[in-house]
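Enquirer: Sequence first, then the predicted structure:
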Amino acid sequence: ELKVEQNPLFLSMQEGKNYTIYCNYSTTSDRLYWYRQDPGKSLESLFVLLSNGAVKQEGRLMASLDTKARLSTLHITAAVHDLSATYFCAVVKKIIQGAQKLVFGQGTRLTINP
Amino acid sequence: DGGITQSPKYLFRKEGQNVTLSCEQNLNHDAMYWYRQDPGQGLRLIYYSQIVNDFQKGDIAEGYSVSREKKESFPLTVTSAQKNPTAFYLCASSIGRGSRTEAFFGQGTRLTVV
């Protein structure tokens, strides 16, 4: 059974600092997503990582994927308050006849303090 | 604009009552999904559908039912058999085939038992 684990689950940091969120998954997958969720809101897609060694960057966020280690990281550079949210990673699992589903990590609640 | 529309945004259910959550998409996506999110947790798959008139149980289907009579619509009924229905429900859709599909989420319905 595919399991996805994030750490840390809670992260409080100061503005201007750097930090990394980790996402480990237990079985092979060909795609990994990072989502952002603001309180009471839906999920906003941040990154899709498709291959080993993939790195994508958008603003102060950078995501990478190591399929051999089954590990993805979301790195935050020089954090600003607007990045406060809950971040989820999700791994694609193929089911039957081409069907697939997303298996989510528990989420990392990020709070950035002035 | 293309997207996924869920309604209502907030829903209150009395004990023993069935309620139906609406999900409509105009993205011409084949696959649609229902997820449940409990406070401080990740998303868990309830049901999914790859094509019209076909759907499959996800990880937590007990107490729920769905239909897929039209490509654009995938309503979720929370039945009285669901003992703990208070949660945030998210509908998603994806192209449903190929290796580069991405799931898009609706804005969610928050269901509360009163």
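Expert: Alright, I've got the coordinates. Numbering: from 1, shown residues only, chains lettered A, B, ... in the order given.
Enquirer: Could you check how far the spatially most central residue of chain B is from A:Lys68?
Expert: Closest residue to the average C-alpha location of chain B: B:Trp34 at 2.8 Å, with CA atoms, centre = their mean. Going from B:Trp34 to A:Lys68 by CB to CB, to the nearest Å gives 33 Å. For every residue, glycine as well, the C-beta is placed using N, CA and C.
Enquirer: Please apply the same query to B:Ala103.
Expert: Counting by CB to CB, the gap from B:Ala103 to A:Lys68 is 25 Å.
Enquirer: Next: A:Cys23.
Expert: 15 Å.
Enquirer: More neighbours: these two, which one.
Expert: A:Cys23 (27 against 9; other CB atoms under 10 Å in any protein chain shown).
Enquirer: Might you report the residue contacts of that one?
Expert: A:4-6, A:32, A:34, A:71-74, A:89, A:105 (CB atoms under 8 Å, 6 or more residues apart in numbering or on different chains).
Enquirer: list the contacts for the residue nearest to the centre of chain B?
Expert: B:Trp34 touches B:21, B:23, B:45-48, B:58, B:64, B:66, B:74, B:76, B:89-92, counting by CB under 8 Å, 6+ apart.
Enquirer: Return the residues of chain B in contact with chain A.
Expert: B:31, B:33, B:40-45, B:48, B:50, B:56, B:58, B:90, B:92, B:94, B:96-97, B:99-108, B:110 (CB under 8 Å from any CB of the partner chain).
Enquirer: For ChimeraX, what selects the buried ones among the contacts of A:Cys23?
Expert: Remark: buried members of the contacts of A:Cys23, expressed as a ChimeraX selection using 16 or more other CB atoms under 10 Å in any protein chain shown:
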select /A:4,6,32,34,72,73,74,89,105
